[in-house]
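Visitor: Structure for this input, please:
(chains A and B)
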Amino acid sequence: GNSVTQMEGPVTLSEEAFLTINCTYTATGYPSLFWYVQYPGEGLQLLLKATKADDKGSNKGFEATYRKETTSFHLEKGSVQVSDSAVYFCALGTQGGSEKLVFGKGTKLTVNP
Amino acid sequence: EAGVTQFPSHSVIEKGQTVTLRCDPISGHDNLYWYRRVMGKEIKFLLHFVKESKQDESGMPNNRFLAERTGGTYSTLKVQPAELEDSGVYFCASSQGAVRGYTFGSGTRLTVV
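Guide: Predicted coordinates for the structure are as follows:
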């Protein structure tokens, strides 16, 4: 079946550090891939997405590239800020049928000043 | 446009009691989804409505959970009777079509004591 494995946290970084959160997936067919973010006290927000192989999603300085050959969608940011502290979820979306998302367990990121 | 609204934001109930969660999707969104995150685990799909019909309820954990979407507008998720393992955050999402267009609500944090 479809599944997502992401780097377990928590991750603690200093401001301006480089961030990588690893995400790999198992899926049949050609899923869409997503990163969602949950800031403290808020709901899930779509951070970025990629719908086909080699696509790069980007938003707010975050990037992730859909790598079919390694079944990965790692999240990166060159210089994190305190305001990036949140829980990050990698997810894949199945096409057709119920169009549901399969999530990873989430990675809590804390950025210290 | 108003987002997806969930009510209540928090609920603390005793084991054996009944709780009803509500989700108001974005107006015009035919697709409505319920997800749940149990502490420290993945966010898991519960079910999917298309208008008032259940398209996929394969994620519903057991028959203590009942979801409805009368008239194809708002949805309720009732847990009766609640058990300790039902504690978690329940998310609702809506979309007009494909999974790439999801909007999530802020979630309801349910604590069963």
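Visitor: Pick out the residue closest to the middle of chain B.
Guide: In chain B, the centroid-proximal residue (Cα atoms, centre = their mean) is B:Trp34; its distance is 3.6 Å.
Visitor: Could you pull up the contacting residues of it?
Guide: Under the criterion of Cβ atoms under 8 Å, 6 or more residues apart in numbering or on different chains, the neighbours of B:Trp34 are B:Cys23, B:Phe45, B:Leu46, B:Leu47, B:Ala67, B:Ser75, B:Leu77, B:Tyr90, B:Phe91, B:Cys92. C-beta coordinates here come from the backbone N, C-alpha and C atoms, glycine included.
Visitor: neighbours of residue 68, just the number please.
Guide: Answering for chain A, as no chain was given. 10 (other Cβ atoms under 10 Å in any protein chain shown).
Visitor: that answer is for a different chain, and I need it for chain B
Guide: With other Cβ under 10 Å as criterion, B:Glu68 counts 14.
Visitor: residues in contact with it?
Guide: Here B:Glu68 is in contact with B:Ser75, B:Thr76, B:Lys78 (criterion: Cβ under 8 Å, 6+ apart).
Visitor: show me where chain B has strands.
Guide: Taking DSSP state E as the criterion, chain B contains strands spanning B:5-7, B:10-13, B:19-24, B:31-37, B:43-50, B:53-56, B:65-68, B:75-79, B:88-95, B:103-104, B:108-112.
Visitor: buried stuff in stretch A:34-42?
Guide: A:Phe34, A:Trp35, A:Tyr36, A:Val37, A:Gln38 (16 or more other Cβ atoms under 10 Å in any protein chain shown).
Visitor: quick one: contacts of whatever helix or strand the second one lives in?
Guide: Element membership of A:Trp35, judged by DSSP states H and E, is strand A:32-38. Applying Cβ under 8 Å, 6+ apart, the external contacts of strand A:32-38 come out as A:23, A:25, A:44-51, A:57, A:62, A:64, A:66, A:73, A:75, A:86-93, A:95, A:101, A:103, A:106, B:98-100, B:104.
Visitor: Pull out the buried members of these.
Guide: By 16+ other Cβ under 10 Å, the contacts of strand A:32-38 give A:23, A:25, A:44, A:46-51, A:57, A:62, A:64, A:66, A:73, A:75, A:86-93, A:101, A:103, A:106, B:99-100, B:104 as buried.
Visitor: one step back: filter the contacts of B:Trp34 by proximity to chain A?
Guide: Within the set of those, contact with chain A (Cβ under 8 Å from any Cβ of the partner chain) is found for B:Phe45, B:Phe91.
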